[in-house]
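J.: Got a predicted structure here, sequence first:
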2 protein chains.
Amino acid sequence: MSKSKGHSWQSIQQEIILRITNRTWQPGELIPGEAKLANEFGCARATVNRAMRQLAESGLLERRRKAGTRVALNPVRKAVLHIQITRQEVEKRGGVYRHALLDRQIKTAPPYITSRLRLDQNTEMLHLRELHFSDNHPFIYEDRWVNLDVVSDIVKVDFDKISSNEWLVNNAPFSNCDIALSAENASKTEAEMLATTENKSIFINDRITWIGVSPVTCVRLAYAPGYRMLSSF
Amino acid sequence: MSKSKGHSWQSIQQEIILRITNRTWQPGELIPGEAKLANEFGCARATVNRAMRQLAESGLLERRRKAGTRVALNPVRKAVLHIQITRQEVEKRGGVYRHALLDRQIKTAPPYITSRLRLDQNTEMLHLRELHFSDNHPFIYEDRWVNLDVVSDIVKVDFDKISSNEWLVNNAPFSNCDIALSAENASKTEAEMLATTENKSIFINDRITWIGVSPVTCVRLAYAPGYRMLSSF
DNA sequence: TAGTGGTCTAGACCACCCT
DNA sequence: GGGTGGTCTAGACCACTAC
């Protein structure tokens, strides 16, 4: 009964996890309500609520009003990806960061970009191509389109001094982001950029950021072979 | 001043996001404390706390006792991956799911497995190889090792009826999970399994689950070409 | 319609850590 | 030392939904 004066929501959460991994409470089973557990643990209902709410958010519990709380039967567990600026990603791995601007043009965006961004065809956008290095080895080849209607200041920026990635994060707030991770065979260009061979398998991170319903930028990151994106929960 | 009787934590959160995207509160800037905002919004401090705490968890704010709350300068944004059983993943995409057991043996695990799982060398483990189909096309080729010390019941299961993935999720609770996503060129075996050609780029999901400090299972999922893992925030 | 979770309040104490 | 966020409480009302 764990009469352990578990007066913090973390300790209550631990106890709940214990009973699930214990199989005291089995998958699919209805577990006691907030009031009952608050009583048992000798704490306020809000404290139990905080513990259980977080477990429900992470997918381990399923809660419905009136129906009560169950141990999730087919838990959709949620893993967290930490999205940070490339410089920080390199430095966190212990590398020395450097970036190079390859190309910078204001031009009409191709239809496959404008349609994904829900912009009119023939919209003028800023197109950037950059290379990010770690210890002087190519790490990421970046191909980016920027919506000038939202980020008009960007035309004045000197991208030899700061990467577009870093400038945008600091100067172009966004509210939403769509991410698609995939694997592709390197094109000839990508292979040259990343100092590898054509058709080598590379990790692709396609990202679109939005502020409200307006697209801010759309970027394709091609990682040098061997990259592993880590996550845990 | 938004005198809009914003009496829910969600509406307060929206207002905070608005002021950040507005640049009313700029990156790095100190924003008013909980008490002050509670006063302004006409709600309890706990309500403001709930709104800001969640924004801090998602990386948009940085909070420290005494120092106050700032708009994150280099926000480490957190995207969420939804990890679900393969059958659900296929069905959610509108496909008809089927799986096939290719191989099942209890044998000594190779060192590259035991060392990752922090198990003794020469530990006997259950090795499984399975194929998951979507609309009768190969979707995932799965290579799995299971720790029999933790999941001893598994030796009795008939994996023609249920995939190891689904059985484990329902019967072997875990507390932690490490995920590594990468891109690799298909080996000859993988190419045959996934009905593609050797060296084709495929998306790899390497996963280890733990219960406390004990490894439960370690699995390598190789997705058929064209797979995209989606996420957003 | 009754029971459950979701949320809000007003107040309180505490841990942390900047000044 | 004092100001800030982190948390807990006891109570309340509401929304949803299984029954």
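T.: Arrived safely. Residues are numbered from 1 along each chain as shown, chains lettered A, B, ... in the order given.

J.: C-alpha only now, for contacts and for neighbours.
T.: Will do.

J.: Okay, angle between the helix or strand of chain A with the lowest mean pLDDT and strand B:77-83 too, please.
T.: Every helix and strand in chain A was compared by mean pLDDT, DSSP states H and E; the lowest is strand A:77-83, with a mean of 82. Here strand A:77-83 runs at an angle of 150 degrees relative to strand B:77-83 (axes from the mean of the first three to the mean of the last three Cα atoms, to 10 degrees).

J.: Tell me the helix or strand right after strand A:77-83.
T.: Downstream of strand A:77-83, the next assigned helix or strand under DSSP states H and E is helix A:86-92.

J.: Report the rounded mean pLDDT for that following helix.
T.: Averaged over helix A:86-92, pLDDT sits at 90.

J.: Would you mind pulling up the elements that it packs against?
T.: For helix A:86-92, the packing partners by 3 or more Cα pairs under 8 Å, 6 or more residues apart in numbering or on different chains; DSSP states H and E come out as strand A:97-108, helix A:164-171.

J.: Mind listing residues that contact that helix?
T.: With contact meaning Cα atoms under 8 Å, 6 or more residues apart in numbering or on different chains, helix A:86-92 is reached by A:96-98, A:132, A:134, A:165-166.

J.: Just the buried ones out of those residues, please.
T.: For the contacts of helix A:86-92, a burial check counting by 16 or more other Cα atoms under 10 Å in any protein chain shown picks out A:97-98, A:132, A:134, A:165-166.

J.: returning to what we had before: and among the helices and strands packed on helix A:86-92, the most buried is which?
T.: Comparing those by mean neighbour count (mean count of other Cα atoms under 10 Å in any protein chain shown), helix A:164-171 comes out on top with a mean of 18.

J.: Just the buried positions in the least confident helix or strand of chain A, please.
T.: A:77-82.

J.: now, the most widely separated pair of the residues you listed?
T.: The largest separation in the buried residues of strand A:77-83, counting by Cα to Cα, is between A:Arg77 and A:His82 at 16.3 Å.

J.: near DNA strand C, which residues of chain A?
T.: A:32-35, A:45-46, A:49, A:53, A:63-69 (Cα under 7 Å from any atom of the strand).

J.: what's the most distant pair in these?
T.: Maximum pairwise distance in these, criterion Cα to Cα, is 18.6 Å, between A:Ala46 and A:Ala67.

J.: Neighbour count for these two, which is higher?
T.: The neighbour comparison of A:Ala46 against A:Ala67 (other Cα atoms under 10 Å in any protein chain shown) goes to A:Ala46, with 13 against 10.

J.: what about the more buried one, distance to A:Asn39?
T.: Distance, A:Ala46 to A:Asn39, by Cα to Cα, to the nearest Å: 12 Å.

J.: got it, and A:His7?
T.: Taking Cα to Cα, one finds A:His7 at 12 Å from A:Asn39.
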